[in-house]
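Visitor: sequence first, then the predicted structure:
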Amino acid sequence: MMSERETIPFSGKVWVWTSAKREKEKPVRWFFVTVEGAPAAELKLASMGLTAGFGSLPVTARIGATTWRTSVFPHRESGGWLLPLKAAVRKDAGIHEGDEIEVTLDI
């Protein structure tokens with residue numbers, strides 16, 4: 001039986017997705033860390049009946065002293081989940097592209 005609150009720690013490398021450049025538009029950059037392996041399987045089990053649009057799962061994420069509410073999204077290519085890292089979080093936690101980070105997700 002699952003507890004009311006599930007905590008899933010994982011580590012991953014920060015990577016960037018860049019939109020295709022359109023005429024007269026600046027490309028958009030989104031920062032992510034992928035949840036893979038056993039932590040991804042735990043998320044899938046914990047998400048049963050809790051997912052929202054696009055299969056997203058609301059979570060509270062923590063990196064060091066930085067905590068924020070967000071959602072993780074299923075990632076077809078890896079079979080895991082994607083955790084978006086917004087600019088304010090990256091700035092607060094001192095995170096850059098390519099960094100290996102430790103994250104805790106609370107569901």
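Guide: Perfect, thanks for sending it. Numbers count the residues shown, from 1 in each chain.

Visitor: secondary structure element holding the residue positioned nearest the centre of the chain?
Guide: For the chain, the residue sitting closest to the mean C-alpha position, by CA atoms, centre = their mean, is Leu83 at 0.9 Å. Taking DSSP states H and E as the definition, one finds Leu83 inside strand 80-84.

Visitor: avg pLDDT for whichever helix or strand comes after that strand?
Guide: Per DSSP H and E, the first helix or strand lying C-terminal to strand 80-84 is helix 87-93. Averaged across helix 87-93, the pLDDT comes to 96.

Visitor: buried ones in helix 87-93?
Guide: By neighbour count on 16 or more other CB atoms under 10 Å, the buried set for helix 87-93 is Val89, Arg90, Ala93. The way it works is simple: take the backbone N, C-alpha and C, and place the C-beta from them, glycine included.

Visitor: kindly export stretch 8-16 (C-alpha atoms) in PDB.
Guide: Extracted C-alpha coordinates of stretch 8-16, given in PDB (Å, rounded to 0.1, in the frame of the first residue of the first chain):
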ATOM      1  CA  ILE A   8      11.700   9.700  -4.800                       C
ATOM      2  CA  PRO A   9      15.400  10.800  -4.800                       C
ATOM      3  CA  PHE A  10      17.400  10.600  -8.100                       C
ATOM      4  CA  SER A  11      20.400  12.200  -9.900                       C
ATOM      5  CA  GLY A  12      20.700  13.300 -13.500                       C
ATOM      6  CA  LYS A  13      22.500  15.500 -15.900                       C
ATOM      7  CA  VAL A  14      21.000  18.900 -16.900                       C
ATOM      8  CA  TRP A  15      20.300  19.200 -20.600                       C
ATOM      9  CA  VAL A  16      18.800  21.800 -22.900                       C
END
